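A.B. asks: Quick one, what's the 3D model for this:
(2 chains)
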Amino acid sequence: MLQQSPHPTSATPRVDHLLITEMVRPGSRVLDVGCGDGALLHLLAERRQVDGRGIEVARDRVNACVAGGLSVIQGDADRDLSEYPDAAFDYAILSLTIQATRQPKRVLENLLRIARHAIVSFPNFGHWKVRQQLLMHGRMPVTPNLPDAWYESPNGHLCTIKDFVALTDVLDARVERKVAFNASGQQLGTWLPITAHNFLGERAVFLLTPRNSR
Amino acid sequence: MAEDRSVAVTERDLRVATGSAARGGAPLIAHFDDSTPLVLDCEKSLAPFDIAYQTYGTLNADKTNAILICHALTADQYVASEHPITGKPGWWVTLVGPGRPIDTDRFFVICSNVIGGCMGSTGPASINPTTGKAYGLEFPVITIGDMVDAQVRLIDRLGIGQLFSVIGGSMGGMQVLEWAASHGDRVFSAVPIATAAWHSAQNIAFHEVGRQAVMADPEWRGGRYLEAGASPRNGLAVARMAAHITYLSEDALQDKFGRNLQARHSKTFSFDADFQVESYLRYQGSTFVDRFDANSYLYITRALDYFDLKTEHGGILANAFRGTKTRFCVVSFTSDWLYPTRESRAIVQALNAVAANVSFVEIESSKGHDAFLLEEAELFATITGFINSAAERHGIAPAREAT
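C.D. replies: Numbers count the residues shown, from 1 in each chain, chains lettered A, B, ... in the order given. This next block holds a predicted model:
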């Protein structure tokens, strides 16, 4: 008899989590890098029946995840991804974490190496509110999406949607899907040009596949 | 289930080993006769041999709910029941029992005394059938692998194909790793706690101090003290005192004792136990010798020293776990300097390298290595979460609510 795992998060899943869940094929092997409290892994287990693993840097969160029945290790995206063998997972997910890594390019290279697909979500530094604050006030932006002052923000490597697309070219990764959504969680039309996504999107989610694998 | 209950042998062994008769219920004994010798890593074989064990809970009809608990250096099979010599409650009674994280209303828990031990399994204090006297140093040197092979015999005898989980701390954790490496298909989940895949130079060094203390005691008599009705009590007590320090932490000792004096107001300018910490260690040493055989201590510490899963697998620890389907939960403690977190991390790295299903939790504790035996809420939450989630995937019914 299957019991429901204790769910440590609120009943309403995050918009980017829902979007990521939709991108993942049922029953696949998933590594969530920077899995936090495990909300996405719980969601993926519930709706996609994945074989899920997590890496999280904060010890208390790791322990809470394991106590909640998830397979999670204490570790660091910059340091520990190199341990995994090639193509060990179907999906490696980096959800709102890439901007906090020390070497985003290396992390992304590793994601594309250890999984057949990488899913990356990140806050878009090209969003108009961010641009407005920098332009009008000449100060580093503080928004609901990027709530910390520059001196205590964990986000050392912020980028725009256009920046991220440029990085995928550098890494020779194919963008299978890219979705941007605004502050109220609405997806922006895929027909809009990238410049519009870059201006209006508060966050973005990319599904990538290494070109050399196909 | 065919198990022999050679009670007479057990009680004799206990008397020989400890100088006192067993109290409480007789342990279960699985006897293996001359026809099924245990072939050891040292290439000698041991026959006949006994494995003393305890069980808790009920094996389900499909035999899918068995958990093997592996004990540490000086522990025994009394994981959740009163110790027959000391009368103390089981050494992991906070973790194992009805309604506990390892719920004996749901799981069938087995714990056996290691081969080489002194609580009923065949060890150096047992009678060597070829001489009619205690083995002493004629007992072959055993390894962690031999301990596990003996457990495999017991599990076979109990008619269990796959263990739902193998769980243990310290030397018990080494047995868990050995089970996963050598009998992975028989281990659905594994919980190595506060342990390492190889014994460090520092740990070998501490063990050598302990062994030399035993052997320097004239009452050890070249290992033949039992025939003389003697016991190297002083040497073994010193070994225990030195080892006990390694199980704690500097902070734990400081918090517990500081520089407090023991039942006196000033220093005595003598070598009495002026300090509480001295008195504590002397007590630990003296109570230990009542329940433990000195030669067993030599053999089991040697087994730990020889443990090196990495070298056994061509210098690459990951090779020990290649292709594993076992789910792992690795646990370490921040203040454990005997088996520090980096040694658990090395295990996790090896498991990651073969894309094994692994959880890894480092628990904040000031209590040193002994933290794994103490009531640590976070350890209990970790084990509960891991075991229940694994049990759900293994299709083990929850503990009965409606019977």
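A.B. asks: for the chain, what spans make up the strands?
C.D. replies: Went with chain A since none was named. If you assign secondary structure with DSSP state E, the strands in chain A sit at A:29-33, A:51-56, A:71-74, A:89-95, A:115-123, A:173-181, A:203-210.
A.B. asks: looking at chain B here, not the other one
C.D. replies: Applying DSSP E to chain B gives strands spanning B:28-32, B:38-39, B:45-46, B:49-56, B:66-70, B:96-97, B:102-103, B:108-112, B:127-128, B:133-134, B:163-169, B:187-193, B:327-333, B:357-363.
A.B. asks: Quick one: closest of the strands of chain A to chain B.
C.D. replies: For the strands of chain A, proximity to chain B was assessed by C-beta to the nearest C-beta; strand A:71-74 is nearest, at 3.8 Å. Bear in mind the C-beta positions are built from the backbone N, C-alpha and C, glycine included.
A.B. asks: Residues touching that closest one, excluding its own?
C.D. replies: Strand A:71-74 is contacted by residues A:35, A:38, A:41, A:52-57, A:59, A:62, A:65-66, A:80, B:327, B:330, B:348, B:352, B:357-362 when judged by C-beta atoms under 8 Å, 6 or more residues apart in numbering or on different chains.
A.B. asks: switch to 7 Å and redo it
C.D. replies: Contacts with strand A:71-74, where a contact means C-beta atoms under 7 Å, 6 or more residues apart in numbering or on different chains, come from A:35, A:38, A:52-56, A:59, A:62, A:65-66, B:348, B:357-362.
A.B. asks: now swap in stretch B:377-385 and tell me
C.D. replies: Applying C-beta under 7 Å, 6+ apart, the contact partners of stretch B:377-385 are A:63, A:66-69, B:95, B:101-102, B:191, B:329, B:331, B:361, B:363, B:372.
A.B. asks: got it, and stretch A:174-193?
C.D. replies: Residues external to stretch A:174-193 that are found in contact with it (C-beta under 7 Å, 6+ apart): A:15, A:19, A:23, A:124, A:161, A:165, A:168, A:196-197, A:200-209, A:211.
A.B. asks: Of these, which ones also sit close to chain B?
C.D. replies: Residues shared between these and the neighbourhood of chain B: none [C-beta under 7 Å from any C-beta of the partner chain].
A.B. asks: What's the PyMOL syntax to select whichever of those residues are buried?
C.D. replies: Provided next is the PyMOL selection string for whichever of the contacts of stretch A:174-193 are buried by 16 or more other C-beta atoms under 10 Å in any protein chain shown:
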select buried, chain A and resi 15+19+23+124+161+165+168+197+200+201+202+203+204+205+206+207+208+209
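A.B. asks: Could I get the contacting residues of A:Val62?
C.D. replies: A:Glu56, A:Val72, A:Ile73, A:Gln74, B:Val361.
A.B. asks: thinking the first one is in contact with A:Val33, fair?
C.D. replies: No. No contact is recorded between A:Glu56 and A:Val33 when judged using C-beta atoms under 7 Å, the distance being 8.7 Å.
A.B. asks: phi, psi of B:Glu397?
C.D. replies: Residue B:397: Ala, not Glu. phi -60, psi 140 (degrees, to the nearest 10).
A.B. asks: er, B:Pro232 I mean
C.D. replies: The main-chain torsion angles of B:Pro232 are listed as degrees, to the nearest 10 and equal phi -80, psi 60.
A.B. asks: Go ahead and confirm it touches B:Asp293.
C.D. replies: No. In this structure B:Pro232 lies outside contact range of B:Asp293 using C-beta under 7 Å: 10.1 Å.
A.B. asks: B:Ala243 - how many residues pack around it?
C.D. replies: Using other C-beta atoms under 10 Å in any protein chain shown, B:Ala243 has 22 neighbouring residues.
A.B. asks: Chain A versus the closest residue in space to it that isn't next to it in sequence, what's the distance?
C.D. replies: The shortest distance from B:Ala243 to any residue other than its chain neighbours is 5.6 Å, reached at B:Gly210 (C-beta to C-beta, 6 or more residues apart in numbering or on different chains). With distances defined as C-beta to the nearest C-beta, to the nearest Å, the gap from B:Gly210 to chain A amounts to 33 Å.
A.B. asks: Can you pull the residues of the stretch 201-350 of chain B lying near chain A?
C.D. replies: B:Cys329, B:Val348, B:Gln349.
A.B. asks: Give me the pLDDT for the residue in chain A that chain B sits nearest to.
C.D. replies: Nearest to chain B in chain A, going by C-beta to the nearest C-beta, is A:Gly69, at a distance of 3.1 Å. Model confidence at A:Gly69, expressed as pLDDT, equals 93.
A.B. asks: how many neighbours does the residue lying closest to it once chain neighbours are set aside have?
C.D. replies: Nearest non-adjacent residue to A:Gly69, counting by C-beta to C-beta, 6+ apart: B:Ser389, 3.1 Å away. In terms of burial, B:Ser389 registers 24 neighbours under the definition other C-beta under 10 Å.
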